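Student: Predicted structure and sequence below. I'll ask about it afterward.
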Amino acid sequence: MRKMDWDPTQFFRTDAPPSPFALLVLNQPINEKAFKVLREHASYTICADGGANRFYDLMRKNGLESTILPDCIIGDLDSIHASVRTHYEGLGVTIIQDPDQYSTDFTKSLKYLRAHSAQITSGPSKDKTGGSENGRLEILILGGLGGRVDQAFSQIHHLYLMTKSYSSDDAAGNLYLVSEESLTFVLQPGRNVIHTPKTNRPLPGSTQSTGSGSCGADGEGEKHLLEENVGIIPISGPARLTTKGFQWDVEEWATEIGGQLSTSNHIRADVVEVTAEVPILFTVELATRFKRVR
């Protein structure tokens with residue numbers, strides 16, 4: 001059985017540099033709190049067309065529109081504002097027009113990152129992340145799931161499609177969607193081992209969570225990275241789940257849309273496991289300090 005390791009909190013931790021990763025900014029509200037932490041170690045930042053408007057507005061709000069820049073803007077360029085395009089062109093930002101009508105700006109950005117991952121991970125910014133000998137580049141997608149329902153499903157759909165594509169390439173990094181309150185990714189068929197340190201969860205023998213300050217279960221004085229709530233959702237059809245490390249663990253448990261679903265389960269260990277024979281959507285709540293303020 002294939003084993004996959006996931007370490008989604010590494011990008012938010014300060015104890016060690018994370019694996020090289022890129023930030024992909026969609027044309028959705030940006031989770032500013034998460035972005036502020038993530039950009040410190042990002043190897044590359046790419047905006048998907050109108051995502052450049054969102055990036056520019058956020059930087060302008062903080063007086064940084066001419067000093068903190070995306071590395072690249074790509075898409076059919078029908079959504080980027082003319083003034084924003086002119087601003088970034090004047091500052092030397094790479095802008096690529098891809099007129100392909102059979103792919104979205106989201107997938108164009110992912111394909112660009114995949115094609116240039118070795119170049120990005122071997123560039124000057126590798127000193128911030130420790131570099132990557134095999135060119136493996138993780139991708140964190142900044143996009144909200146709290147707006148239009150059809151757009152939310154579109155993002156999950158493309159996350160699923162691209163994850164399936166990436167799964168056949170051992171050098172391709174994992175994809176994570178960072179939304180207003182959650183961190184979401186698609187688990188691969190097989191045994192998935194997910195690292196969940198510094199989760200705000202009850203201490204052993206207690207029914208109360210550790211609160212909004214220190215994580216008693218993970219080291220006094222350490223701030224939380226995650227809340228305990230997770231969803232484990234089959235998105236490609238019926239599945240059978242086996243889990244470890246949750247409040248409600250199951251073995252060969254039948255789940256499907258329209259049947260039983262594992263939502264609002266709770267993390268109970270620093271490492272959890274999910275095993276299934278098909279891809280599964282895994283979503284976990286970000287710590288309150290990383291959630292977008294509306």
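Tutor: Sure, I can see it. Keep in mind that this is a model prediction, so the values were computed, not measured.
Student: Quick check, pLDDT for residue 72.
Tutor: Note for residue 72: predicted pLDDT of 98.
Student: quick one, what contacts residue 164?
Tutor: 186, 279 (CB atoms under 8 Å, 6 or more residues apart in numbering). Any C-beta I mention is one placed from the backbone N, CA and C, and that applies to glycine too.
Student: What of residue 280?
Tutor: Residue 280 neighbours (CB under 8 Å, 6+ apart): 186-187, 192, 232-235, 239, 241, 274.
Student: how about the strands of the stretch 1-150 of the chain, start to end?
Tutor: With strands called from DSSP state E, counting those that start in this stretch, the stretch 1-150 of the chain shows them at 3-6, 21-25, 44-48, 72-75, 94-97, 138-142.
Student: The fourth one pairs with which strands, and in what direction?
Tutor: Spelled out, it's strand 72-75. Take DSSP bridges as the rule and strand 72-75 pairs in its sheet with strand 44-48 (parallel), strand 94-97 (parallel).
Student: possible to save the ones you listed as CSV with mean pLDDT, mean neighbour count and distance to residue 32?
Tutor: Formatted as CSV, the strands paired with strand 72-75 follow (pLDDT from 0 to 100; neighbours: other CB atoms under 10 Å; distance: least, CB to CB, whole Å):
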stretch, mean pLDDT, mean neighbour count, distance to residue 32
strand 44-48, 97, 27, 14
strand 94-97, 98, 14, 24
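Student: Columns distance to residue 149 on top of these, output as JSON lines?
Tutor: Shown next, in JSON lines, are these (distance: least, CB to CB, whole Å):
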{"stretch": "strand 44-48", "distance to residue 149": "20"}
{"stretch": "strand 94-97", "distance to residue 149": "30"}
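Student: Can you say which of those is nearest to residue 281?
Tutor: strand 44-48 (21.1 Å; CB to CB).
Student: The closest one to strand 138-142, inter-axis angle?
Tutor: Computed with axes from the mean of the first three to the mean of the last three CA atoms, to 10 degrees, the direction of strand 44-48 lies at 40 degrees from that of strand 138-142.
Student: Strand 44-48 versus strand 21-25: what angle between them?
Tutor: Going by the same axes, to 10 degrees, strand 44-48 makes 20 degrees with strand 21-25.
Student: what's next to strand 44-48, contact-wise?
Tutor: With CB under 8 Å, 6+ apart, strand 44-48 has contacts from 22-27, 39, 54-55, 69-75, 104-106, 108-109, 112-113, 120, 123, 125, 137.
Student: could you flag which of the residues you listed are buried?
Tutor: 22-27, 54-55, 69-75, 104-106, 108-109, 112-113, 120, 125, 137 (16 or more other CB atoms under 10 Å).
Student: quick one: the helices in the stretch 51-200 of the chain?
Tutor: 51-61, 82-90, 105-115, 117-121, 126-129, 149-167 (DSSP state H, counting those that start in this stretch).
Student: can you tell which of those helices is closest to residue 31?
Tutor: It's helix 51-61; of the helices of the stretch 51-200 of the chain, that one is closest to residue 31 (CB to CB) at 10.1 Å.
Student: Give me the helices and strands touching that closest one, please.
Tutor: strand 21-25, strand 44-48, helix 82-90 (3 or more CB pairs under 8 Å, 6 or more residues apart in numbering; DSSP states H and E).
Student: From the contact counts, what lies against the first one?
Tutor: In this structure, strand 21-25 makes packing contacts with strand 44-48, helix 51-61, helix 105-115, strand 138-142, judged by 3+ CB pairs under 8 Å, 6+ apart.
Student: Please consider this matter closed, and thank you.
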